[in-house]
Each structure stands twice: as C-alpha cells, then as structure tokens.
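Colleague: Sequence first, then the predicted structure, then my questions.
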Protein chains: 4
Amino acid sequence: MSATGGPTARGPRGEAAIHAAVLDLLAAEGYAGLTIEGVARRSGVNKTTLYRWWPSKPALVAATFRHAVARDLPVPDTGTLRGDLVALVRSKTAFLGEGPGRLAADVLAHTGADPELARLAGEVLGQHSAHVAEVTGRARARGEVTGPVDDRLLADLLLGPIWLRAVVTHRPLSAADAEALVDALLPGLDG
Amino acid sequence: MSATGGPTARGPRGEAAIHAAVLDLLAAEGYAGLTIEGVARRSGVNKTTLYRWWPSKPALVAATFRHAVARDLPVPDTGTLRGDLVALVRSKTAFLGEGPGRLAADVLAHTGADPELARLAGEVLGQHSAHVAEVTGRARARGEVTGPVDDRLLADLLLGPIWLRAVVTHRPLSAADAEALVDALLPGLDG
Amino acid sequence: MSATGGPTARGPRGEAAIHAAVLDLLAAEGYAGLTIEGVARRSGVNKTTLYRWWPSKPALVAATFRHAVARDLPVPDTGTLRGDLVALVRSKTAFLGEGPGRLAADVLAHTGADPELARLAGEVLGQHSAHVAEVTGRARARGEVTGPVDDRLLADLLLGPIWLRAVVTHRPLSAADAEALVDALLPGLDG
Amino acid sequence: MSATGGPTARGPRGEAAIHAAVLDLLAAEGYAGLTIEGVARRSGVNKTTLYRWWPSKPALVAATFRHAVARDLPVPDTGTLRGDLVALVRSKTAFLGEGPGRLAADVLAHTGADPELARLAGEVLGQHSAHVAEVTGRARARGEVTGPVDDRLLADLLLGPIWLRAVVTHRPLSAADAEALVDALLPGLDG
DNA sequence: TATTAACCGAGACGGTACGTCTCGTCTTCAA
DNA sequence: TTGAAGACGAGACGTACCGTCTCGGTTAATA
C-alpha cells in the first residue's frame, strides 16, 4: 500500500530514521521504556514532527511495526499436515522469539492498554490464523483431512500456547515441544 | 499486643485500603495508568508509607494480587475427565474475564518489563498447572487415563487459547467453545 | 523582542510575577523558609519553568535581587566629608533595614552556604565600597583630605559595623550612632 | 552524678558524642546542611532522644556551641593599648577563621531565622564587648585613656571589619591589616 | 530487695519539598 | 506547507528529613 503504488510519500522526511530509532529503543529499553522524546533524540527529528504524524506512542509503534514486520513469511510446504503444522509452530515461535518479532511480543503485551495496539495485534494474529488455514487447506487438497475442521479453533489451539509462552511466561518452546503440541492436537483434527 | 500471638504485623497500617485502592485504580486506569501517588491519594495512606513497604509499583501490584486473588479456586469434580476439563476451562475463562482476574490479564501482560511481575505470573501459571494436574490425577484414579500425560503441555494448551481470547482478541469464549476446545484435545490425551 | 527593541527576551514568560513572589515569600518566611514550590504556587508559574531558568534556589534569589535591588542609590553631597560620611552610613543602614534591602540582610547571611549568594554579596558590598570611595574623592577635590587614604580600609571600617548589626545582632543603628561612628574614624582619616 | 559532683546529670547519655557529631557535620555540610537525622546517625543516638532533649535544630546547635566554644579566651596584656587592641583583633580573626569559630560564623549568620541563635549571638558578641572593655579598662588604669570611651561602639568598630572579611568577602585579614585597623581607630579613641 | 520512674532504641507514620523526567500543547521563525 | 527550535503547564518519579507517636526494654535511685 504505502509501497510501490501509493499516492504520495505519506510520512515525514526522516521516516526511515524514525522507525529505526523506534526499533532500536524498543530493543534497548522495552515498550514501557520507549519515549517519544527518546525517539526524537535518536532519530534527529523534532518532537513536534512526531506528534504531527502520529497522535501517540502506540500509534507510532504500530506504524513502525507495520513497516518493519509486515513482510509475509512464506508458509513452508513439507508435504504432510503434521510436518506443515510443526513447521508453522516453529516458525511462529521463532518470529516471536527473535528479531523484530521479539519486540512484537513486548508490544503485543500492551494490547489491553491501547486500541491501536489491539488492532495491530489483531492484524498479526489474523495473519497467523490465515497461515493455519492455508496449511489445513493444503491438507484437505491432499486428502489428509476430509471431515470439517474449525480453522479458527485450531488456530487458537496452536497459537494460544505459543503466544502465552512468548508474552507471559517467556519459556522457550523447543523443537520437541513443538512436535508434542502438534501431536496432542492431530488426533482431534479429523473427527 | 498488636497480634494475638500471630507471627508479626507485616504490613502498613492501612494495608486493606491500599490493596483496595490498587484494584480500583487498576480497573479504572489499567496497569500503565496506575501510579503510586494515585494509590496514596485514594487509599488515604501517605506516599512515603507505600515506598517504605514496597520498592516499586510492580512490587505493590504483585502484593495486592497475592492478597486479593490468591484464593484457591476449587476445582470442580464432575465425575468425568471431559466434564472436569470443561469446567476448568469455563472457570479460567470466567476468572480472566471478570473481577480481579480481568485485571490480572493486564498485569500479566507486563511480565517482560519486571521480574516481580514475572514471578507473580509464574505463581499464577503454576497454580493453573496444578489444577490441571489435579484433574488428570483424578481421571487416572478413575481409570479414564492410563498412559503418560504431560500436564504442563496440557495446561498450556488449555490456557493458551483462553488467554489469547481474553487478552488479545477479546472474543468471549462461549460454553460451546469450551466444549469444542476440550473435545479437540481429548483424543490426543490418552495414546 | 517583546520589549521595545531589547536584544533578546532572556527569561521566562512570567518573570516579573516570579520575582515579586520571591520578594513576597522572602518577607513572609525568610530565606530559609523560601521554597521553589512556594514560588511556583504564588507566581502561578510551573515549577518546571523555574528549574528551566535557574538551577537552584540561591540562583533564583540572586537573580531577583539583581533585578529588584540593583538600582544605584545616589550618594548625597552635603558639602563636607563628615556630612557625606554620616549620610552614607544612614543611607546604608536604611537600605539594609527596610524594603527589599532588609530582605537582603537575610539573604546575605547565607553567603557562606552558597557561592552564588557570595557573589551577590560581593557585588552589593563592592557597590557600597565604591560609594565610600566616591565620598573621599569628593573630599579630596575639596581639599578636606590631603594625605593618602586607604579607601578599602575605610570602607571596611564603615560598612563592617553596619553589616554586623544588620545581619547578626539586628540592633538598629540610630542617627546618633551614625555620627559617633563617623566621629570615631575621622581623626584617623588624614594622618 | 556521673559528673564529679555536679548537681544533676542534665543531658542524654551520649551527649559528648552528640556535640562532636554536630561539630563534625557543621564542618562538613554547613549549618543549612546539618540535619537532626544526620546527627542521630553519626552520634549513634536515636533521633527520638535528640528531640527529647532539644526542641529544634538551632537549640541543639546552640547547646553544642555553649559546650564547645564557650571557653573564655584570655585577653593578652601587652602593656599598651595599641598592642592590646592589635592582639585582640588578631585573636578574633583567628577565632572566626579557623576551628570551631569558623563554624560559628556560619551559625551566627542564621541569627535572623531563629531566636535561639539570636541569643547565642548575643552571648558571643557580649563576650567580645567584655574583652574590649577589659582592654580599655587596663588602658585607663595605665593612664593611656582619660576621656569617656564607648566600649560598645569600639567593639562594633573592631569586630565589624573582621566579621565582614571572614564571613562575607572571605579576604583574610593580615597582621599589617590588623595594625592599620587599630591605627585608624586610635586617634578617635581619646578625645 | 523490690519498685518505680526516667530514659532509651526501634521504627512507623503523615507531611512537605526536593530536583528530575516525560508528556502533549503551543508559538515563533525559516525554508 | 512543512519542519526545527524550544518554552510551557501538568504531574509522577523516588528520596530526604521533618516532627510525632507508640512500643518494649533497660537502668538507676529510692523505699
């Protein structure tokens, strides 16, 4: 959208520097420690400019994430439903555990405090759910699944534990955990 | 004198009023909007006294939760594993969706920012795991389950979706959803 | 700029109100009882603004005095050295005993505690010494004094007792005292 | 009792330690920086005890000075009025410039803020006047002075410059200065 | 020897002010 | 129109002392 066919520049002069500063500071101080003034200092842009373009800190952070994290990861096709699901779990775990996604976990934790972040979380989670649906769709095309599958429920069951660990308990989810998780769900998949 | 043989006073004079004020303000402003000065104002206790007893806002909030939310919910015994699990899911859903537990969701979201809250989260999650273990223990005693069960994994699988809906997507989890959730997991429970 | 051609604004918006508040509070509570927060309250200016412009209470007080007390009093010319000296003594006594100068006595008492106030005291005292020199200069022009006169020593001898009474003992110095003081010094003046 | 026949104990247990702490802290932090809690900490005495015996900080400080500085300095008898006066000036200069007397200058500066300190100042200044009177009395006995001498005025004329230099301008008063000071006054002494 | 009164330490309390920080708004000026 | 510069009111931060209070324990002189 903002990319190749967008109507105008849409954004202040040093936008790239701003988003970089947000990510840097998020990594260094966490979401709660991030301040608008800090972003202004680090990006070399005036505080006024930031407020002109984004009404609040969550809005700025959300914009940064839409720029930086929105890249659609490919959903690996391993040939089997189990393989796809395990790969998906590991991919999401990795996303939330390292790089900008790790910052996302911190940001998404503040969903309850700000509607802007809630929207962002909804977008990210929706994308994840879509990936789940893509995997089950493939499985159905292969004939691995024949009965009705509630994609939404499956997404909750897969992503719930992942997010819970990433956001609340911060326990890493190992490869074995990922397989165990999927194996616990597979028997109930095709009822 | 002060206590009729109890160990020690342990806590400032107006402790009850303080914890009440914390819960009130948490409900009204959220965790991020909660301030020590606000608690002092509302509880009628001096700011100095708060700092005398708790070193920081997260410590105060954690103490409040230990006082107010630590009551051990009974784990209903319905006579079947499925019934017990459904009851457990509904109980947790209710807990996170209303009353002080609703505040807990907001507080637990800040796990990453403060070790004190991380400890609190560990306690709450640990209690949850214990409940799950109690239910599976009963099922094993009844002979409903014979093989090995990973209680921790099961706890994550149950709580993950509940937490995700309560905290991130804010979609309520209906009675039918609770049953569907459990039914999706039951087949994988006893290999 | 806001002024009629002055080079720069140099000072916060409500500067006049601030200095007035400082003098009021100094009169009411004394230097020790003066607080930055009190000045902020009374002047209607935010505490932050005060700290933005002056780093400390003594700096603020010194600035106030430079604004309010810096007016150069004329040194009366009575036609004789004795008359001039008596007039000078009474003028300085009056300065330190009433109006803003009375507050100055309180402020100057804290010279030892703060270098900023020490500088202020030095300025005021230097001005007083200059007045003494002006008087002896006139006397020399008249031919009343021919030999060498140590203006510095004379200033110390005249101002020392005045300041001592104003700052430490708070005994008023009467008209007769002023004459006696000068008469005690005159014989040694032209030696 | 603890004393060797004194009428009553009159004072808390660790009084010596308390006064020592007051002097130490006065030297280190100045009068304004001196706090009751600091004295308690340093002297190893409880804050409550201090308040039990002295109602306020100035009262405590005054008591300390009466204990520590009240020792009557001998007034040297040099055989001539001039010599006695010069010796007196140098003695006072030394007193105000070093040791506990140096602290006295800081303390006496707060005369205006507290009646307790004002009384102390009165005692110190009175003692000074008595020294001057002793010197002039000797001179009269010798026949050096015959006319009337206002001892109080002379005391102010001597102490004023000394105090001014020690406390306000912090210019040291050299031996030559002391002689010049006395020589400026001597001609006016005996009319 | 037993009593009693004075003194002690301990530490909690409400309160005021400190000096710093970030917020979000605002005005002014230059390009 | 856009942005840079930066002052401003608001208000929380965490700390330091203030002066008061209650609580047990100890000491020392008396009865």
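Modeller: It's in. Numbers count the residues shown, from 1 in each chain, chains lettered A, B, ... in the order given.
Colleague: Would you mind listing the buried residues in the longest helix seen in chain A?
Modeller: The longest helix of chain A (DSSP state H) is helix A:115-142. By neighbour count on 16 or more other CB atoms under 10 Å in any protein chain shown, the buried set for helix A:115-142 is A:116-118, A:120-121, A:124-125, A:128-129, A:131-133, A:135-136, A:138-139. Any C-beta I mention is one placed from the backbone N, CA and C, and that applies to glycine too.
Colleague: Any part of it near chain B?
Modeller: Yes: applying CB under 8 Å from any CB of the partner chain, one finds helix A:115-142 in contact with chain B at A:Ala118, A:Ala121, A:Gly122, A:Leu125.
Colleague: just curious, which of the residues you listed is nearest to chain D?
Modeller: Comparing these against chain D with CB to the nearest CB places A:Ala118 closest, at 49.2 Å.
Colleague: Hmm, A:Thr111 and that closest one touching each other?
Modeller: Yes: counting by CB atoms under 8 Å, A:Ala118 sits close enough to A:Thr111 to count as a contact (4.9 Å).
Colleague: list residues touching both of these two?
Modeller: B:Val168 (CB atoms under 8 Å, 6 or more residues apart in numbering or on different chains).
Colleague: do the least confident helix or strand in chain A by mean pLDDT and chain B meet at all?
Modeller: Within chain A, no helix or strand scores below helix A:99-108, which has a mean of 78 by mean pLDDT, DSSP states H and E. Yes: judged by CB under 8 Å from any CB, helix A:99-108 and chain B are in contact via A:Ala105, A:Asp106, A:Leu108.
Colleague: what comes up buried for that helix?
Modeller: Judged by neighbour count using 16+ other CB under 10 Å, the buried positions of helix A:99-108 are A:Pro100, A:Gly101, A:Arg102, A:Leu103, A:Ala104, A:Ala105, A:Asp106, A:Val107, A:Leu108.
Colleague: now the second one, nearest residue through space, not along the chain?
Modeller: Leaving aside its chain neighbours, A:Gly101 sits nearest to A:Phe95 (4.0 Å; criterion: CB to CB, 6 or more residues apart in numbering or on different chains).
Colleague: and the gap between the one you found and C:Leu158?
Modeller: To C:Leu158, A:Phe95 is 84 Å away according to CB to CB, to the nearest Å.
Colleague: Looking at the two now, which is surrounded by more residues?
Modeller: Neighbours were counted for A:Phe95 and for C:Leu158 using other CB atoms under 10 Å in any protein chain shown; C:Leu158 has more, 26 against 20.
Colleague: Which of the three states applies to that one?
Modeller: At C:Leu158 the chain is in helix, as set by DSSP: H, G, I helix; E, B strand; the rest coil.
Colleague: can you pull the contacts of it?
Modeller: By CB under 8 Å, 6+ apart, the residues touching C:Leu158 are C:Leu85, C:Leu88, C:Val89, C:Lys92, C:Val132, C:Leu181, C:Val182, C:Leu185.
Colleague: Take those and write them to a markdown table, including secondary structure.
Modeller: Converted to a markdown table, these look like this (three-state DSSP):
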| residue | secondary structure |
| --- | --- |
| C:Leu85 | helix |
| C:Leu88 | helix |
| C:Val89 | helix |
| C:Lys92 | helix |
| C:Val132 | helix |
| C:Leu181 | helix |
| C:Val182 | helix |
| C:Leu185 | helix |
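Colleague: Can you tell me which of these is closest to chain B?
Modeller: Within the contacts of C:Leu158, proximity to chain B (CB to the nearest CB) peaks at C:Lys92, which comes in at 46.9 Å.
Colleague: Spatially, what comes nearest to the closest one if we skip its sequence neighbours?
Modeller: Per CB to CB, 6+ apart, closest to C:Lys92 is C:Ile162, 5.2 Å.
Colleague: Kindly report the same for A:Pro172.
Modeller: A:Gly97 (6.6 Å).
Colleague: One more: A:Trp53?
Modeller: Of all residues not flanking A:Trp53 in the chain, A:Pro12 sits nearest, at 5.3 Å (CB to CB, 6+ apart).
Colleague: before we move on, which element is that neighbour in?
Modeller: Counting by DSSP states H and E, there is no helix or strand that carries A:Pro12.
Colleague: Could you report the neighbour count for it?
Modeller: Neighbourhood size, A:Pro12 [other CB under 10 Å]: 16.
Colleague: From chain C, how far out is it?
Modeller: Distance, A:Pro12 to chain C, using CB to the nearest CB, to the nearest Å: 27 Å.
Colleague: right, and that residue touches A:Tyr51 too?
Modeller: No: counting by CB under 8 Å, A:Tyr51 is not a contact partner of A:Pro12; they are 10.7 Å apart.
Colleague: contacting residues for A:Thr64?
Modeller: Contacts of A:Thr64 by CB under 8 Å, 6+ apart are A:Ile18, A:His19, A:Val22, A:Leu23.
Colleague: Great, nothing more from me.
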